[in-house]
Structure formats: C-alpha cells, structure tokens
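Q: can't give you the sequence, but here's the structure:
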C-alpha cells in the first residue's frame with residue numbers, strides 16, 4: 001500500500017497592511033506537526049504576499065529587475081533562520097551520498113576562502129543585520145571576497161523552490177549591473193511592507209537560548225553537526241502551529257513599518273526563474 005496522506009485543514013486569514021490588506025488561505029496538516037515541517041506553507045504564502053506587493057510597482061514600469069542568470073547578490077551574506085537550516089539539512093539528507101559530499105566540499109571551500117579573507121571571526125561576533133557601521137562594513141567586505149553561495153550553479157539557484165525566505169524577499173528595481181557594486185549606492189531595493197523572514201528569525205531566537213535565531217547560510221554544514229531540531233519548539237496540530245506564526249505578523253508589521261533595508265541589509269536576491 002502507498003503512504004497514507006495526512007488530513008489537512010484550510011485556514012483563511014487576512015492581514016491588514018496600511019490602507020490595504022492581504023487575504024490568503026493556508027493549507028496545513030490537521031494533525032501533529034511543527035514549524036519546520038510547515039515551511040512549505042510559509043514559503044507559498046510569502047511568494048503570494050510578495051507578488052501582491054510588487055504587482056502595483058511592476059505596473060509603474062519600475063518593478064523587479066532580478067532574473068535567472070543574475071547571481072551577483074548570491075555573493076552576499078545570507079541570514080538563514082534556524083527552522084530553514086533544519087529543513088535544508090533534512091533535504092540534504094535525502095540526496096545521494098555523492099551529492100551530499102559535493103555540497104559539503106562546496107561549503108568547506110567557501111569557509112576556507114572566508115577564513116583567508118579574515119571574515120569568519122567577524123561573522124561570529126558581529127551582527128551584520130544590525131543598523132550599524134560595523135554591520136555595514138562586514139556586509140561589504142564579505143561581498144568583496146566574492147564567495148558565491150554554495151547552492152549557486154551556473155549563476156542560478158540550485159534550490160530555487162526551497163530557497164530561504166530572505167532570498168524571495170530581496171528584490172531590486174535598479175539595473176542588474178549595479179548589484180556588482182553595492183558600495184556604489186546605486187542598488188535600489190524594493191521595500192516590502194512585511195518580511196516573513198524576520199518573523200522566523202525572531203521565533204528562532206525564542207526557540208534557542210543565546211541565539212540570534214539565524215545562522216549565516218555558509219555555516220549550514222557546520223551547524224548540521226549539532227543535530228539541533230529547532231522546529232520541535234513550535235509544535236502542535238497544524239492550525240496551532242500556523243497560528244503561532246500568524247499572530248506575530250501584526251506585531252512584526254507594526255515594528256517594520258518604520259524600518260527600510262539599509263546598505264547593511266543588501267543581502268541576497270536569488271535568481272528568479
């Protein structure tokens with residue numbers, strides 16, 4: 001007999017964003033699950049939210065310029081939430097051994113290059129997401145090292161369907177060539193009214209003591225050795241788990257409305273299909 005499919009529940013909800021609103025339906029497991037396991041639901045919601053947010057911008061002719069084959073920003077630091085790290089670790093575990101070893105080699109090579117550039121210690125001790133001169137400096141120094149994301153292949157994202165939320169959320173309207181030099185201040189990020197990635201990061205900080213709630217993506221294989229399972233910290237029936245994320249949306253929006261990405265947050269825009 002084939003594997004029995006788990007029952008699901010549809011949840012309809014609306015998020016007020018300024019004078020407008022975002023209505024969506026989330027289909028979650030009816031039974032026991034956890035936050036890491038429902039990441040595909042959050043990814044789909046984030047995609048829908050982003051599409052809705054940029055559609056009016058695209059109509060003005062100054063929409064997103066990101067496209068497949070433009071991987072300049074895939075050479076910037078990527079903050080990966082602990083839940084996304086767990087999901088990627090699980091996915092890597094499903095790959096044939098030779099593919100796992102190839103990926104491990106890419107990550108090790110990236111770390112070696114960063115160590116050679118004197119960046120590893122700074123990435124551990126400094127918070128490049130902070131609105132600070134040191135955070136901005138670290139982001140630019142990392143980019144100058146030109147260390148590509150280990151998942152980048154032929155200037156395209158090899159994990160595009162399951163890429164991190166921050167990769168989906170960082171889009172620019174400026175000409176692609178400007179992304180090769182973020183220090184030139186010609187990159188024009190498209191500011192979204194809400195960032196799901198920040199919600200995951202904050203929940204990760206709650207799940208793990210003395211944690212920022214995220215790791216640099218390039219640290220993924222090193223993090224995997226810990227065997228951490230942060231998803232279980234937010235567990236229950238599907239609707240309960242989704243509610244834990246959804247109830248933070250309004251709170252996160254209230255905080256983020258006055259915050260726009262700074263140069264230190266010119267992080268990553270994964271190549272679009």
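A: Structure received. Because the structure is predicted, anything quoted here is derived from the model rather than measured.
Q: Just say helix, strand or coil for residue 215.
A: Of the three states, residue 215 takes strand under DSSP: H, G, I helix; E, B strand; the rest coil.
Q: my guess is it meets residue 223, correct?
A: Yes: Residue 215 is in contact with residue 223 according to Cβ atoms under 8 Å; the separation is 5.2 Å. From N, CA and C alone the C-beta is placed, and that goes for glycine too.
Q: In the stretch 51-200 of the chain, what residue spans correspond to strands?
A: Assigned strands in the stretch 51-200 of the chain, in chain order: 79-81, 152-153, 156-157 (criterion: DSSP state E, counting those that start in this stretch).
Q: Out of the ones you listed, which gets nearest to residue 231?
A: Judged by Cβ to Cβ, the one of the strands of the stretch 51-200 of the chain that comes nearest to residue 231 is strand 79-81, at 10.7 Å.
Q: Packing partners of that closest one?
A: Helices and strands touching strand 79-81, by 3 or more Cβ pairs under 8 Å, 6 or more residues apart in numbering; DSSP states H and E, are helix 165-169, helix 196-207, strand 214-216.
Q: Try it again at 6 Å.
A: helix 196-207, strand 214-216 (3 or more Cβ pairs under 6 Å, 6 or more residues apart in numbering; DSSP states H and E).
Q: Quick one: mean pLDDT for that strand?
A: Average pLDDT, strand 79-81: 95.
Q: returning to what we had before: got the strands of the stretch 51-200 of the chain as a markdown table, with distance to residue 249 columns?
A: Formatted as a markdown table, the strands of the stretch 51-200 of the chain follow (distance: least, Cβ to Cβ, whole Å):
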| stretch | distance to residue 249 |
| --- | --- |
| strand 79-81 | 15 |
| strand 152-153 | 31 |
| strand 156-157 | 26 |
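Q: which stretches of the stretch 101-250 of the chain aren't confidently modelled?
A: 129-131, 173-180, 182-185 (pLDDT under 70).
Q: All the helices of it, residue numbers only.
A: Using DSSP state H, counting those that start in this stretch, the helices found in the stretch 101-250 of the chain span residues 120-125, 133-145, 165-169, 196-207, 220-224, 238-256.
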